[in-house]
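A.B. asks: Sequence plus the predicted model coming up.
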Amino acid sequence: MSAIARDPNIKHLIKARGQIAKGDLKNAALTLNQANARWPQDPRVFMLGGLMAEKAGHLQGAFESLRKAVALAPDWGPGLLELALLLARQNQFQEAVEIAERLALLEPGNLQVLAGVVDIAHRSGHTAMAVRHLRRGLALVPGDVELRRLLARDLSEQGQHDEALALWSALVAENPADSGFLRGHVQACIAAGKPAQAQKSCAALLAQAPEDPVCQYYAQLAGGQTPDRQPAELVRPLFDDLAESYDQHVVRSLKYQLPRQVADKIITRHPDKKINVLDLGCGTGLLGVCLGRLDGFLIGVDLSMKMLEQAARHQLYDRFHTVNLHDALRATPPGLYQVIAALDVFIYAGELSLAIADAHRILTADGLLILSCETASETGPDLVLLPAGRYAHKRSHVQALCQAAGFDAVEIEDSVLRYENHQPVAGFVVTAHKPA
């Protein structure tokens, strides 16, 4: 007897899954109703109902259906996996991770489950968890290219550079024309503090795309140069990918409190909030959330459209500009803002002199420029590109630039900007005052 004959519901389930995939949700609902009539306690019906509800934008219904599927079949892998993935997509990471770990124990040899568990680990920022399951995956399918790529990337992020470089080198040797592997190898060399070892991969990338700004940037690094900023083509996709989980990641995982601290400083100075504020590198609008509604206008600037889409949900910003901060400053008329903030921006934008001079020009008299930097050694160069791919600045240099631009008072406070791998990232916050 065939499987379909033994399971008369399966025809409806296959049909409903196809309808959901095509977005034909009305007919999918009818098909699932038919399946439910045949077997009212079929967990597969509720699982597909959850996927259909999510696609329709009905999240409460999606959770109810998927939890019903799990209640009916507590140890059924597909139901657990879909619930865990939905939780992760909605940034409910603690429960998602708990279910994922349980599922990995229930079905240790299931590669589809493995892929879902690794995805949840990445979404939740649990890189160590991802590494553990990727190693388990490679024990199941030794040599798998995608698993090795993901493992190499995660090991580099964790600071396990020797193993990461060995994996990237092997992948490049096996696939010498693959631009993704070449870029991965270059990034791993930079993260390991060994950019010179990336010269061959950089040359291969440039041969493929000589006009690509990212390839040119990597070639400069491999040649021992320090570019004055990261290209937009490198920064934009990074933050587009992070946008949906950014707030959860930086506030909870990295303990990022700078927007709250700076907002408090601004409100203390302007308790009536009758100010115009320019938020450079506004991201998802964390500073705007901490400031609240202003009796003036709040303008956000960011390279990432997806980050701005998240910021727009707060309905606090009056306008957004999807440009780099240098272009935004250069195009702004003088004497327009009482406050300009640039928090965790110059770690990517790098060179400060033009930006500080332009900020002074467009501030009103008695205005404030508030910016943050990671700390570079006072005994080294003014601008340093760290192995993590971010810029650090020398305090004395930033102070000198502010004074040269015309600011009459420059306050610099040491700060822990965020935590990475549970270690504090040392930085400083500059508050520069334009004369009244």
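C.D. replies: Great, that's in hand. Residues are numbered from 1 along each chain as shown.
A.B. asks: need the contact list for residue 290.
C.D. replies: Residues in contact with residue 290 (Cβ atoms under 8 Å, 6 or more residues apart in numbering) are 259-260, 262-264. From N, CA and C alone the C-beta is placed, and that goes for glycine too.
A.B. asks: cool, residue 174 as well?
C.D. replies: By Cβ under 8 Å, 6+ apart, the neighbours of residue 174 are residue 145.
A.B. asks: which SSE is the residue nearest to residue 312 when sequence neighbours are not counted in?
C.D. replies: Nearest non-adjacent residue to residue 312, counting by Cβ to Cβ, 6 or more residues apart in numbering: residue 320, 6.9 Å away. Using DSSP states H and E, residue 320 sits in strand 319-321.
A.B. asks: would you list every one of the helices in the stretch 1-150 of the chain?
C.D. replies: All helices of the stretch 1-150 of the chain, identified by DSSP state H, counting those that start in this stretch, fall at 3-6, 10-22, 25-38, 43-55, 59-72, 77-89, 93-106, 111-123, 127-140, 145-157.
A.B. asks: Could you export those as TSV, including distance to residue 310 and mean neighbour count?
C.D. replies: Formatted as TSV, these follow (distance: least, Cβ to Cβ, whole Å; neighbours: other Cβ atoms under 10 Å):
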stretch	distance to residue 310	mean neighbour count
helix 3-6	45	8
helix 10-22	27	17
helix 25-38	26	17
helix 43-55	19	23
helix 59-72	17	18
helix 77-89	14	22
helix 93-106	17	18
helix 111-123	15	21
helix 127-140	23	18
helix 145-157	23	20
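A.B. asks: Rebuild those helices as JSON lines, extending it with mean pLDDT.
C.D. replies: Output for the helices of the stretch 1-150 of the chain, formatted as JSON lines (pLDDT from 0 to 100):
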{"stretch": "helix 3-6", "mean pLDDT": "49"}
{"stretch": "helix 10-22", "mean pLDDT": "92"}
{"stretch": "helix 25-38", "mean pLDDT": "92"}
{"stretch": "helix 43-55", "mean pLDDT": "95"}
{"stretch": "helix 59-72", "mean pLDDT": "96"}
{"stretch": "helix 77-89", "mean pLDDT": "95"}
{"stretch": "helix 93-106", "mean pLDDT": "96"}
{"stretch": "helix 111-123", "mean pLDDT": "95"}
{"stretch": "helix 127-140", "mean pLDDT": "97"}
{"stretch": "helix 145-157", "mean pLDDT": "96"}
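A.B. asks: okay if I get those helices as TSV plus distance to residue 372?
C.D. replies: What follows is those, written out as TSV (distance: least, Cβ to Cβ, whole Å):
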stretch	distance to residue 372
helix 3-6	61
helix 10-22	45
helix 25-38	46
helix 43-55	38
helix 59-72	35
helix 77-89	30
helix 93-106	27
helix 111-123	27
helix 127-140	25
helix 145-157	22
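A.B. asks: State whether residue 319 and residue 299 are indeed in contact, as I suppose.
C.D. replies: Yes: using Cβ atoms under 8 Å, residue 319 is in contact with residue 299, at 5.3 Å.
A.B. asks: returning to that earlier point: quick one: closest of the helices of the stretch 1-150 of the chain to residue 177.
C.D. replies: Closest to residue 177 of the helices of the stretch 1-150 of the chain is helix 145-157 (Cβ to Cβ; 14.1 Å).
A.B. asks: Which strands and helices lie in contact with that closest one?
C.D. replies: helix 127-140, helix 161-174, helix 179-191 (3 or more Cβ pairs under 8 Å, 6 or more residues apart in numbering; DSSP states H and E).
A.B. asks: Flag every buried residue along the last one.
C.D. replies: Going by neighbour count (16 or more other Cβ atoms under 10 Å), the buried part of helix 179-191 is 181-191.
A.B. asks: Show me the contact partners of that helix.
C.D. replies: By Cβ under 8 Å, 6+ apart, helix 179-191 touches 149, 152-153, 156-157, 161, 164-165, 168-169, 171-172, 175, 195-198, 201-202, 204-205, 208-209, 214, 218, 221-222, 387-389.
A.B. asks: one more time with 7 Å
C.D. replies: 149, 152-153, 156, 161, 164-165, 168-169, 171-172, 175, 195, 197-198, 201-202, 204-205, 208, 218, 221, 387-389 (Cβ atoms under 7 Å, 6 or more residues apart in numbering).
A.B. asks: Let me know how buried residue 404 is, in neighbour terms.
C.D. replies: As a burial measure, residue 404 scores 12 neighbours (other Cβ atoms under 10 Å).
A.B. asks: tell me the contacts of it?
C.D. replies: Here residue 404 is in contact with no residue (Cβ under 7 Å, 6+ apart).
A.B. asks: element containing it, please.
C.D. replies: helix 395-405.
A.B. asks: contacts for whichever helix or strand comes after that helix?
C.D. replies: For helix 395-405, the following helix or strand on the C-terminal side (DSSP H and E) is strand 409-420. Under the contact criterion Cβ under 7 Å, 6+ apart, strand 409-420 has outside partners 250, 254-256, 258, 344, 372, 374, 395, 399, 402-403, 424-433.
A.B. asks: Kindly report the same for stretch 360-368.
C.D. replies: 329, 332-340, 369, 405-407, 431-436.
A.B. asks: about what we covered before: would you format the helices and strands packed on helix 145-157 as TSV with distance to residue 307 included?
C.D. replies: Compiled in TSV, the helices and strands packed on helix 145-157 are given as follows (distance: least, Cβ to Cβ, whole Å):
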stretch	distance to residue 307
helix 127-140	22
helix 161-174	28
helix 179-191	21
